[in-house]
Structure formats: structure tokens, C-alpha cells
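Colleague: here is the input, now give the coordinates:
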Amino acid sequence: MGIIGIEEIFLDVKDLAQSVSFYNEIIGVPIAKQDKQRVYLQLEQSHVVLQLPGSGRHRGGGPMHFAFTVTEDTFDEVVARAVGAQIFTRGPM
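Modeller: Residues are numbered from 1 along each chain as shown. Sure, this is the predicted structure:
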């Protein structure tokens, strides 16, 4: 199989600032670039684009679920930034 990973995911979001706060401040995904309608979050080998509905060339609305992989030694640190948010699980080891 020639597929080695996900290149990009576009997600329509209702509140861009709130979404950026979650992905950037809580999860820790760095912002690569942004404008008034779109924010590119850079992962090691791919990116997630948060966009206001109807503002982008990709209009699928995004998947129902996607997950990031983090190193075992940073998992607890990421979870600590989301205190009280029951959104993280450890995947298969």
C-alpha cells in the first residue's frame, strides 16, 4: 500500500477562536499560518485546517472523528492541559 499517512484534514468550525484555543493551547498543535477565515495547524508530517463554513475550497465538513498520535512521554503533559475534559485515551501500545 502506498499510503503512509494523512496529508491534511479540513474541518468546518462554527467558532474559529474557540477551536484554535482548543487545538493550539490545550492540545499543543502549533499554528503554521492563519487569516480571518482559516487556520493551518502544523503536525509533524501533515496539517489540520480549521475554517469557517463556506470559506474554503474543501466543503466536506470534516470527519466525525480523527486522532493525533503523541509520544508516550508527552501524553500526560497534553492531558494535563485539558484538565476535566474527558477526551483523551491511550491507544494500542
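
Colleague: switch to C-alpha atoms for all contacts and neighbour counts from now on
Modeller: Fine.

Colleague: show the average pLDDT along stretch 28-48.
Modeller: In this model, stretch 28-48 carries a mean pLDDT of 91.

Colleague: in contact with E7, which residues?
Modeller: By Cα atoms under 8 Å, 6 or more residues apart in numbering, the contact set of E7 is 45-47.

Colleague: so which of those comes closest to I31?
Modeller: For the contacts of E7, the residue nearest I31 by Cα to Cα is H47; the value is 9.5 Å.

Colleague: OK, contacts around that closest one?
Modeller: 7-9, 40-41.

Colleague: apply 10 Å and report the result again.
Modeller: 6-10, 29-32, 40-41 (Cα atoms under 10 Å, 6 or more residues apart in numbering).

Colleague: does K14 sit in a helix, a strand or a coil?
Modeller: With DSSP: H, G, I helix; E, B strand; the rest coil as the basis, K14 sits in coil.

Colleague: thought it was touching V20?
Modeller: No. Using Cα atoms under 10 Å, K14 is not in contact with V20, being 11.3 Å away.

Colleague: shared neighbours of those two, anything?
Modeller: Jointly contacting K14 and V20 under the rule Cα under 10 Å, 6+ apart are L50.

Colleague: for the contacts of H47, which one is nearest A80?
Modeller: Nearest to A80 among those, with distances taken as Cα to Cα, is V29, at 14.8 Å.
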